[in-house]
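Asks: Got a predicted structure plus its sequence, pasted below:
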Amino acid sequence: GQSLEQPSEVTAVEGAIVQINCTYQTSGFYGLSWYQQHDGGAPTFLSYNGLDGLEETGRFSSFLSRSDSYGYLLLQELQMKDSASYFCAVRDEAGGFKTIFGAGTRLFVKA
Amino acid sequence: EAGVTQFPSHSVIEKGQTVTLRCDPISGHDNLYWYRRVMGKEIKFLLHFVKESKQDESGMPNNRFLAERTGGTYSTLKVQPAELEDSGVYFCASSQESLAGRETQYFGPGTRLLVL
């Protein structure tokens, strides 16, 4: 079957670093993406990893290890506005490369 | 450039009624996806259009759900008759390419459906 596992909630303080992990099980794999969703808003694309290693985009970095079926999103210098839900998503070869999303990790940033 | 838009933003209906959701993707995007999120759970794939063709509808729950994309532009998702378990947020997303590899999906704000 297809599944993605990520923690349901994470709490951190402003200025800190937080890592959100994601493990996946899919029949095929064509990349791991991360999306951010603020309450009441639309999910927005953050990052993509197609190959193993670290991708950095400003305060956000994403890592992938295909051999471990594992990735993470790293948020540095946390700000209050980073409080949101973060979804990992995998492109699966089943049915024309559809995207499978995890249940999301709710990040609470405290002052 | 306008983003993905969805209508209505909210819908409250009674069990047994019909509701039609609309999605206008970003102009020029061939790929259009429908997803549903029930509170606290995953963003669940429903179906994928490439232009006007259904590429994958494996996520559609049952035959009470009908999606169309006439002319390869906007799409509608009709639920008839609606049941209590259909409640949730229905998201539409569009993208430019569907090849293996990197794909950025642009999501609409969602339609919050409540079936009473």
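Replies: Structure received. Keep in mind that this is a model prediction, so the values were computed, not measured. Numbering: from 1, shown residues only, chains lettered A, B, ... in the order given.
Asks: and A:G15, what is it in contact with?
Replies: A:G15 is in contact with A:77-78, counting by CB atoms under 8 Å, 6 or more residues apart in numbering or on different chains. Any C-beta I mention is one placed from the backbone N, CA and C, and that applies to glycine too.
Asks: Next one: it from A:D68, what distance?
Replies: 30 Å (CB to CB, to the nearest Å).
Asks: Over to A:C88?
Replies: In terms of CB to CB, A:C88 sits 14 Å off from A:D68.
Asks: ok, the worst-scoring helix or strand of chain B on mean pLDDT near chain A or not?
Replies: Of all helical and strand segments in chain B, the minimum by mean pLDDT, DSSP states H and E falls on strand B:53-56, at a mean of 91. Yes: for strand B:53-56 and chain A, the contact criterion (CB under 8 Å from any CB of the partner chain) is met by B:55-56.
Asks: Tell me the buried residues in that strand?
Replies: By neighbour count on 16 or more other CB atoms under 10 Å in any protein chain shown, the buried set for strand B:53-56 is B:55-56.
Asks: Let me see the ranges of the strands in chain B.
Replies: B:5-7, B:10-13, B:19-24, B:31-37, B:43-50, B:53-56, B:65-68, B:75-79, B:88-95, B:106-107, B:111-115 (DSSP state E).
Asks: Can you tell me which of those is nearest to A:Q2?
Replies: Ranking these by proximity to A:Q2 (CB to CB) places strand B:43-50 first, at 9.5 Å.
Asks: Buried ones in the closest one, by neighbour count?
Replies: Residues B:43-49 are the ones in strand B:43-50 that count as buried (16+ other CB under 10 Å).
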